[in-house]
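# Predicted model and sequence below, questions to follow.
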Amino acid sequence: VKKILIDCDPGIDDALALALAHGSPELDVVGVTTVGGNVDLEHTTRNALCLRDYYGMDAPVARGAGRPLVREPRTARDVHGSSGLGGVVLPEPKSELSGRHAVDFIIDTLAASPGEVSLTAVGPLTNIALALRKEPRVAEWAREFVVMGGSYTRGNTTPAAEFNVSADPEAAAVVFGAPWRTVMVGLDLTHQARATAEVRAGFRGLGRLEAELLTPCLDFYGGHANYQDEGPAIHDACAVAYVIDPGLFEAVPARVEVETQGRFTSGMTVTDFRAPAERQNALVPTRLDTDGFWRLVGDAFRAVAAG
Ligand code: BDR
Ligand code: CA
């Protein structure tokens, strides 16, 4: 069983990524840290606590950074709704927050089990950058570092930039500059993970999980103009799936630089697949075994639904 720490901004696809992680027998979720992103930090943290109770997770939830390192916060309420989970209203959280700040939680958790914890970030990279600045050995201690963010062909927030990177490009630049290999699960990959009508038919019979969470979340998320063609891309679950089974992905090593200066390209992940080995800082998944991915997700959701 692999240990995973998930840094997130729930967020509809973040919520589904947490369900995938919790429902997978291959993973032990050792912590959930929150960051401002899709919605403000108060809401992302509240959502993480509600989801912890709702799924029956026992990993602590630690609150992190509410603002990007340098820039003004920018949310994605149009995609995730003003609360962050579309129209879903979960019961008031009973769980208490961890007493530690997310940055310290990340550092302490990795320090306690060097080489064992897969660090997975599916929101803006503010907490991860702060953790690396406070304790550079984080880069050494992580078993691997997987991020949902960036792209090598296109953006979603702007034509050039993906949301998680463009929300805090300076933080992303710190993270990609750290001495570890970042696995960049970007839009080119995640757009292969669409919750089509056929995929959603596979979630039938999941009882309350389906009625209270999956259906309203996916209806809301799938209503966004970005997704009306083939159904919404479940971005964040792809990063968790990579940790569970990298064999579902084809991946190519590359040099990735984050643009922080561009007038029109700020937050772009400039990806050089031809960089020589000594310049490579990233591994970039390019192709997903879609059937295998949805099988993993379906099995995990069934496990969560069964409690
Ligand atoms: C990413 O941005 C957020 O809106 C999603 O939760 C995902 O992490 C996709 O660009
Ligand atoms: Ca997210």
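Received, thanks. Ligands and ions are numbered 1, 2, ... in the order given.
# from the chain's centre, how far out does stretch 199-214 sit?
21 Å (C-alpha atoms, centre = their mean, to the nearest Å).
# Pull out the buried positions in the strand or helix carrying residue 173.
Using DSSP states H and E, residue 173 sits within helix 169-177. By neighbour count with 16 or more other C-beta atoms under 10 Å, helix 169-177 contains the buried residues 169-176. No exception for glycine: its C-beta is placed from N, CA and C like everyone else's.
# What of stretch 145-164?
Within stretch 145-164, the residues that count as buried by 16+ other C-beta under 10 Å are 145-152, 155-158, 160-164.
# Among those residues, name the ones in helices.
Residues of the buried residues of stretch 145-164 located in helices (DSSP state H): 163-164.
# Run through the residues that contact the closest residue in space to residue 135 that isn't next to it in sequence.
The spatially closest residue to residue 135, leaving aside those adjacent along the chain, is residue 107, at 4.5 Å (C-beta to C-beta, 6 or more residues apart in numbering). For residue 107, the contacting residues are 131, 134-135, 138, by C-beta atoms under 8 Å, 6 or more residues apart in numbering.
# Likewise for residue 286?
With C-beta under 8 Å, 6+ apart, residue 286 has these contacts: 188-189, 249-252.
# between the residues you listed, which has the most around it?
Within those, neighbour counts (other C-beta atoms under 10 Å) peak at residue 189, which reaches 26 neighbours.
# Is it correct that it is in contact with residue 285?
Yes: in this structure residue 189 lies within contact range of residue 285 using C-beta atoms under 8 Å: 4.7 Å.
# before we move on, back to that, is any residue of the helix holding residue 173 near ligand 1?
No: residues of helix 169-177 contacting ligand 1 under C-beta under 6 Å from any ligand atom: none, with a closest distance of 12.3 Å.
# For the next helix-or-strand element following that helix, give the mean pLDDT please.
Where DSSP H and E defines the elements, the next helix or strand beyond helix 169-177 is strand 182-185. Averaged across strand 182-185, pLDDT comes to 98.
# can you list contacts of strand 182-185?
144-150, 175-176, 235, 238-239, 242, 251, 254, 256, 269, 271, 281-285.
# Lovely, talk soon.
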